[in-house]
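Trainee: Pasted the sequence and its predicted model underneath.
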Amino acid sequence: MADALLGPAEIRELAARLGVAPTKKLGQNFLHDPNTIRRIVAAAGLVPDDVALEVGPGLGSLTLGLAGAVRHVHAVEIDPRLAAALPETVTAAHLSVHNADALHVRGADFDPAPTMLVANLPYNVAVPVVLHLLAELPTLRGGLVMVQKEVADRLVAGPGSKVYGVPSVKLAWYADARAAGKVPPAVFWPVPNVDSGLVAFTRRTPPGDIDRRDVFAVVDAAFAQRRKTLRAALAGWAGGAARAEELLVAAGVSPQARGESLTVEQFVAIAAAAKLSPG
Ligand code: SAM
């Protein structure tokens with residue numbers, strides 16, 4: 001029989017028994033609302049044959065929900081106390097616990113290979129974790145993550161939006177992302193002082209036949225000085241403003257435009273222009 005989902009009393013009791021005092025440094029805010037867990041699992045679009053990858057299982061709230069929905073769950077937890085205790089809470093045999101930093105895991109660490117990332121992420125490393133996993137694990141077909149609401153807005157933003165920036169473009173390289181709802185602070189213990197947002201994403205074909213690092217270098221340069229025109233913002237990257245202008249024109253992008261108005265495909269075109277005509 002599946003383990004029951006954890007409510008507020010169970011979460012407090014578990015933490016007390018394990019002697020866990022949640023730490024801010026590791027973003028430890030634990031879900032204690034079975035309805036929210038069911039909502040996350042439903043919104044993730046899992047199929048029974050999926051292999052879920054959860055980053056930061058904590059006390060196991062979401063892990064329990066995932067274990068009931070997929071054929072295998074990989075749970076990557078940096079805190080050794082929580083990693084060691086997880087199998088006591090989630091007794092399902094199809095669980096692998098990895099006591100590791102999600103920023104350093106590799107594809108070879110996981111068997112079977114993960115197909116979906118579903119996680120209530122530690123908020124201070126949420127964006128690097130998502131980008132690292134999409135880069136490292138080509139078998140991931142998509143996922144659903146909970147992050148700070150402001151970060152969720154940035155991740156799903158499109159060109160022209162005030163919050164469109166480096167995380168939006170880099171995620172758009174890997175996946176089509178969309179907002180999948182807001183989550184109030186009251187469903188966590190301890191209660192955070194920010195709202196949370198859900199982001200669902202589906203892997204896409206990369207927008208260009210070019211090394212993503214070449215594209216990301218242009219993106220980083222364009223947004224490092226987001227108020228400047230691209231001609232000026234890309235001068236350092238290109239080796240001079242005149243050269244930046246040349247490449248922008250070759251890519252069909254106005255040198256007077258700003259990074260915040262460009263699609264990921266336009267960033268690809270700029271990086272490709274630089275490859276085609278090395279300065
Ligand atoms: N999934 C649980 C829940 O919803 O109740 C806990 C989520 S809590 C927001 C984030 C979890 O990520 C914590 O358990 C924390 O210890 C863990 N964590 C923090 N940094 C991590 C990292 N770099 N790699 C793996 N786990 C991490």
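Mentor: Arrived safely, thanks for sending.
Trainee: CA only for contacts and neighbour counts going forward, please
Mentor: Fine.
Trainee: Not counting its own residues, what contacts stretch 192-209?
Mentor: Under the criterion C-alpha atoms under 8 Å, 6 or more residues apart in numbering, residues 29, 43-44, 140-153, 155-156, 173-185, 264-265, 268 lie in contact with stretch 192-209.
Trainee: Tell me the spacing between the residue in the stretch 151-279 of the chain that the ligand sits nearest to and Leu171.
Mentor: At 7.3 Å from the ligand, Phe188 is the closest residue in the stretch 151-279 of the chain, using C-alpha to the nearest ligand atom. Using C-alpha to C-alpha, to the nearest Å, Phe188 is found at 27 Å from Leu171.
Trainee: still on that earlier bit, tell me which entries of the contacts of stretch 192-209 lie within helices.
Mentor: Within the contacts of stretch 192-209, residues falling in helices by DSSP state H are 43, 149-153, 155-156, 173-174, 264-265, 268.
Trainee: Can the helix or strand hosting His132 be said to contact the ligand?
Mentor: Per DSSP states H and E: His132 is located in helix 126-136. No - Helix 126-136 lies out of reach of the ligand by C-alpha under 6 Å from any ligand atom, never closer than 7.5 Å.
Trainee: where do the strands sit along the stretch 101-250 of the chain?
Mentor: Assigned by DSSP state E, counting those that start in this stretch, the stretch 101-250 of the chain shows strands spanning 116-120, 142-148, 175-183, 188-189, 196-203.
Trainee: per-residue confidence averaged over the shortest one?
Mentor: Averaged across strand 188-189, the pLDDT comes to 96.
Trainee: Then the last one?
Mentor: Averaging pLDDT along strand 196-203 yields 98.
Trainee: cool, and the third one?
Mentor: Per-residue pLDDT over strand 175-183 has a mean of 98.
Trainee: Show me what the strand or helix carrying Ala84 is packed up against.
Mentor: Element membership for Ala84 (DSSP H and E) is helix 80-89. Judged by 3 or more C-alpha pairs under 8 Å, 6 or more residues apart in numbering; DSSP states H and E, helix 80-89 is in contact with strand 95-99.
Trainee: let's see 10 Å
Mentor: Packing partners of helix 80-89 (3 or more C-alpha pairs under 10 Å, 6 or more residues apart in numbering; DSSP states H and E): helix 8-18, helix 61-67, strand 72-77, strand 95-99.
Trainee: Turn those into JSON lines, columns for mean neighbour count and mean pLDDT.
Mentor: Shown next, in JSON lines, are the helices and strands packed on helix 80-89 (neighbours: other C-alpha atoms under 10 Å; pLDDT from 0 to 100):
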{"stretch": "helix 8-18", "mean neighbour count": "14", "mean pLDDT": "93"}
{"stretch": "helix 61-67", "mean neighbour count": "26", "mean pLDDT": "97"}
{"stretch": "strand 72-77", "mean neighbour count": "25", "mean pLDDT": "98"}
{"stretch": "strand 95-99", "mean neighbour count": "19", "mean pLDDT": "98"}
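Trainee: what separates Arg178 from Ala69, distance-wise?
Mentor: For Arg178 relative to Ala69 (C-alpha to C-alpha), the value is 22 Å.
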